[in-house]
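Asker: Below are the sequence and a predicted model; questions follow.
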Amino acid sequence: MFEMLSLGFMQRALAAGIIISITCAVISVFVILKRLAFIGQGISHSALGGVALGVLLGINLTLSAAFFSIAVAWGIGMVSRRGRISEDTTIGIFMTTAMALGVMLINLYKGYSVDLMTYLFGNILAVTSVDLWSIGILGLGVITTIVLFFKEFLLISFDEELAQVNGLPVPFLYYLMLTLMAITIIISIKIVGIVLLSALLVIPGATGYQLTYNYRPMLFISLAVGITSSILGLVLSYQLDLPSGATIVLLAAAIFTFSLILSPKRRRMKRDKISSGN
Amino acid sequence: MNNSNLILELKDIWVYFDSKVILKDINLELERGKFLGIIGPNGAGKTTLLKTILGIINPDRGIVKLFSCPDLSDKDPHHLIGYVPQNSLIDQNFPLSVFDVVMMGRYGRMGFFHYPDKRDRELVWQSLERVSMQDYASRQIGQLSGGQQQRIFIARALAGEPCLLILDEPTAGIDTVAQDQFYKLLRTLKEELSLSVIMVSHDIVVLPSYADELACLNQTICLHGKPQDVVREDMLRDLYGSQVDMIIHKGKPPYIKVVDGHNV
């Protein structure tokens, strides 16, 4: 255990894991309340295109993936907010197109040297100190922005119409939310991987949602689930030589399953069913 | 024309949706302190008209003028209006307490980067007391009945200190007893707070006896006047196109029953 903590890569992985899990857990509350789970999956899968583009152009992969994912997030937002094409159709198209582009670009790159598996499934060995710095700065930026706009985000999640009537810039707030989600996704890729990433955007918030009737404890539970599963996941992944992303996600899913059993909402639903059944 | 007594003026409003006319040539004025009921069949453009007044929809032609309240230093038009939405549209599982929901009515006035202070909390309590729901403040919004939720949404609108209250089909899905209480509450609030009220409704039974004015909408304003002048059999037949039975009580607001054509 302590020997593990003396290893440089493990220190970086744990530090990154804690920052990522806090950022994901905070945004996860809005992913659940504003129903952005599928958009989250769309943006995270699309990041493959951004990573491939970075490889081909020989630029910083985090940076290229970030720009690419933010562009995809805005694209999905723009097409679906127009209302001509439904949101799930839009995401389905954007996500697969971006991934196909990624596969094509990687295939084009003859001197293929990137470990694709790291990006797809995450790798605790892969977090460099430069990565840790960018994860720290971007994560802090995301959390600060959410704290600043918390009440507006809450309002557009609950009642977008009232926000409009109150004169709030609803489209700006919506795109800001998508941008923050895209940045969160980018900083999480190296630990959790593109394929499983959306789980961290959904499961912590969903667990909190199951267990409480108010967003404050929901946020608190979301943080607890996120941090616990990522620290425990990283430790287990090191000790038992398991892929880090999958370990973290399975732990989070286990906690969520437990919360389903404990959920007061489930009991209430059951009761309502009994009382309304005649 | 003496305009100083107006709170709202709509001039020559046209709204299209995919080149289909939804509203045409709407001209409407509302004086301060009046209760205007807007009635009309489904698809008449009632909600579109409300959204145009609320500034959610920009009309393709025409102007919406809102006049600020005389005792209000605040000139932001968004702060003049208290909006009560159709309560069927809210997410019943949303993790907010009743107090949180009412506090949202203050967000527009607080502005960015400000969090509720003592005065905001006081106004929320006051608003809850006005609708007699202060005992429910810590409940989750979805645990309340439809009629109770409606009161909470009124409290939310009041928390923003509006001078014009706009309600969209507030009595839909509420039983008749709650409906009656609802109208009485609305009348009390209107008098105590000297509010102007616009309410859109299907209800041509109870609404006419509480509203000061009625306007019938079917793409355009067909009729606008005192309820007893507006609610007439020929007008309703024109508007609804179905058989309408009407019994007019002497000196009392008319009682109307809309009957499906096949049943007659």
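Answerer: Okay, I see it.
Asker: Send over stretch A:44-52 as CSV, restricted to the C-alpha atoms.
Answerer: Extracted as CSV, the C-alpha positions of stretch A:44-52 are listed here (Å, rounded to 0.1, in the frame of the first residue of the first chain):
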residue,chain,number,x,y,z
SER,A,44,-16.6,11.4,-25.1
HIS,A,45,-16.6,8.9,-28.0
SER,A,46,-16.0,11.7,-30.5
ALA,A,47,-12.8,12.5,-28.6
LEU,A,48,-11.2,9.7,-30.6
GLY,A,49,-11.4,11.9,-33.7
GLY,A,50,-9.6,14.7,-31.8
VAL,A,51,-6.9,12.4,-30.5
ALA,A,52,-6.3,11.1,-34.0
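Asker: Which positions in it come out as buried?
Answerer: Across stretch A:44-52, burial judged by 16 or more other CB atoms under 10 Å in any protein chain shown covers A:44-52. Where you see a C-beta, it was placed from the backbone N, CA and C, and this is true even at glycine.
Asker: what's the nearest residue to residue B:17 if we skip its chain neighbours?
Answerer: Nearest in space to residue B:17, with sequence neighbours left out and distances taken as CB to CB, 6 or more residues apart in numbering or on different chains, is residue B:48 at 7.8 Å.
Asker: sorry, back to before: present the buried residues of stretch A:44-52 as a markdown table; the columns should include pLDDT.
Answerer: As requested, the buried residues of stretch A:44-52 are exported to a markdown table (pLDDT from 0 to 100):
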| residue | pLDDT |
| --- | --- |
| A:44 | 93 |
| A:45 | 92 |
| A:46 | 92 |
| A:47 | 91 |
| A:48 | 91 |
| A:49 | 91 |
| A:50 | 91 |
| A:51 | 88 |
| A:52 | 88 |
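Asker: Which of the residues you listed sits closest to chain B?
Answerer: Distance ranking of the buried residues of stretch A:44-52 against chain B, using CB to the nearest CB, places residue A:44 first at 24.9 Å.
Asker: Tell me the first helix or strand C-terminal of the helix or strand containing the closest one.
Answerer: Using DSSP states H and E, residue A:44 maps to helix A:37-57. Helices and strands here follow DSSP H and E; after helix A:37-57, the next one along the chain is helix A:61-82.
Asker: quick one on the thing from earlier: does any bit of the helix holding residue A:44 sit next to chain B?
Answerer: No: using CB under 8 Å from any CB of the partner chain as the criterion, no contacts between helix A:37-57 and chain B are found, and the smallest distance is 14.8 Å.
Asker: Close to chain A: what parts of chain B are there?
Answerer: Listed as neighbours of chain A in chain B under the rule CB under 8 Å from any CB: B:54-56, B:76-78, B:81, B:83, B:85, B:89-91, B:93-97, B:100-101, B:104-105, B:107-108, B:110, B:112-113, B:115, B:140, B:143, B:156, B:160.
Asker: so of these, which ones are in strands?
Answerer: Those of the residues of chain B next to chain A mapping onto strands are B:81, B:83, per DSSP state E.
Asker: Just the buried ones from the residues of chain B next to chain A?
Answerer: Members of those classed as buried by 16+ other CB under 10 Å are B:54-56, B:77-78, B:81, B:83, B:85, B:90, B:94-97, B:100-101, B:104-105, B:107-108, B:110, B:140, B:156, B:160.
Asker: So which of these are in helices?
Answerer: When helices are assigned by DSSP state H, the members of these inside them are B:54, B:100-101, B:104-105, B:107-108, B:110, B:156.
Asker: ok, so of those residues, who is nearest residue A:122?
Answerer: residue B:100 (36.8 Å; CB to CB).
Asker: Can you read off the pLDDT for that closest one?
Answerer: At residue B:100, the model reports a pLDDT of 96.
Asker: now residue B:236
Answerer: Residue-level pLDDT assigned to residue B:236 equals 63.
Asker: do the same with residue B:1
Answerer: 46.
Asker: Tell me which other helices or strands the one helix or strand residue A:261 maps to touches.
Answerer: Under the criterion of DSSP H and E, residue A:261 resides in helix A:244-262. Secondary structure elements in contact with helix A:244-262, counted by 3 or more CB pairs under 8 Å, 6 or more residues apart in numbering or on different chains; DSSP states H and E, are helix A:170-192, helix A:198-211, helix A:215-239.
Asker: mind putting these in TSV, mean pLDDT included?
Answerer: Conversion of the helices and strands packed on helix A:244-262 to TSV gives the following (pLDDT from 0 to 100):
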stretch	mean pLDDT
helix A:170-192	93
helix A:198-211	95
helix A:215-239	95
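Asker: Pick the most buried one from those.
Answerer: A comparison of those by mean neighbour count, using mean count of other CB atoms under 10 Å in any protein chain shown, puts helix A:198-211 on top with a mean of 27.
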